[in-house]
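Enquirer: the amino acid sequence is not available; the structure is as follows:
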């Protein structure tokens, strides 16, 4: 019994030294804008030029499946730095045999709280490489930096929207097909 008590006291003494000098921030975390993927712009399916749009003519099929985001105070807490990376799933289609890479055009738009006014829009192209015999790959883009004034109402009253850059025909196809 003495041994059990001695072991328990030793454990308490060892654990007592853990985390004793940690300091925790009492300030609230930086506010973030509302970030979302536009449903109509989340798919980019490409076909062989001039071919009927069916599975046999598909060269690639990409989906914007998510994003990673981080919001931190910057410039002495006078602004909020937002870093957003898009996450893509890409599949090489039957007509894409021998195709080793594709370029994915996409954009980020910053809008007002009601999505009625575009405040900023930036376009990007992310290269995708198919390694070896792989026909599918998941890729995360490089982070995109956005800055907002630190006033919480200003940051939280903005939306950040991600979407593929689509032709009118591709957009119509997505709308007709619906969300996948």
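Expert: The structure has been received and is ready for your questions. From a predicted model like this one, the values you see are computed outputs, not experimental measurements.
Enquirer: can you give me the end-to-end span of stretch 43-63?
Expert: Using Cα to Cα, to the nearest Å, one end of stretch 43-63 lies 5 Å from the other.
Enquirer: again with stretch 159-172
Expert: End-to-end distance for stretch 159-172, by Cα to Cα: 24 Å.
Enquirer: next one: it to chain centre, how far?
Expert: 15 Å (Cα atoms, centre = their mean, to the nearest Å).
Enquirer: dig out what the residue most central in space within the chain forms beta bridges with.
Expert: The centre of the chain sits closest to residue 67, judged by Cα atoms, centre = their mean, with a distance of 1.5 Å. In this entry, residue 67 is beta-bridged to residue 86, by DSSP bridges.
Enquirer: and it, how far from residue 47?
Expert: To residue 47, residue 67 is 27 Å away according to Cβ to Cβ, to the nearest Å. Any C-beta I mention is one placed from the backbone N, CA and C, and that applies to glycine too.
Enquirer: and if you look at residue 161?
Expert: Taking Cβ to Cβ, one finds residue 161 at 26 Å from residue 47.
Enquirer: in stretch 76-88, what's buried?
Expert: 79-82, 84-88 (16 or more other Cβ atoms under 10 Å).
Enquirer: same check, this time on stretch 35-45
Expert: 35, 37-38, 40-45.
Enquirer: format those as a markdown table; extra columns: pLDDT and distance to residue 53.
Expert: Shown next, in a markdown table, are these (pLDDT from 0 to 100; distance: Cβ to Cβ, whole Å):
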| residue | pLDDT | distance to residue 53 |
| --- | --- | --- |
| 35 | 95 | 31 |
| 37 | 97 | 23 |
| 38 | 95 | 22 |
| 40 | 95 | 17 |
| 41 | 96 | 18 |
| 42 | 96 | 18 |
| 43 | 96 | 13 |
| 44 | 96 | 13 |
| 45 | 94 | 8 |
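Enquirer: which of those lies closest to residue 113?
Expert: Nearest to residue 113 among these, counting by Cβ to Cβ, is residue 35 at 13.3 Å.
Enquirer: quickly list what the closest one is bridged to.
Expert: Taking DSSP bridges as the rule, residue 35 bridges to residue 160.
Enquirer: wait, residue 124 sits on residue 106?
Expert: Yes: taking Cβ atoms under 8 Å as the definition, residue 124 is a contact partner of residue 106 at 5.6 Å.
Enquirer: in terms of neighbours, single out the busier of the two.
Expert: Set side by side, residue 124 and residue 106 show more neighbours around residue 106, with 23 against 15, by other Cβ atoms under 10 Å.
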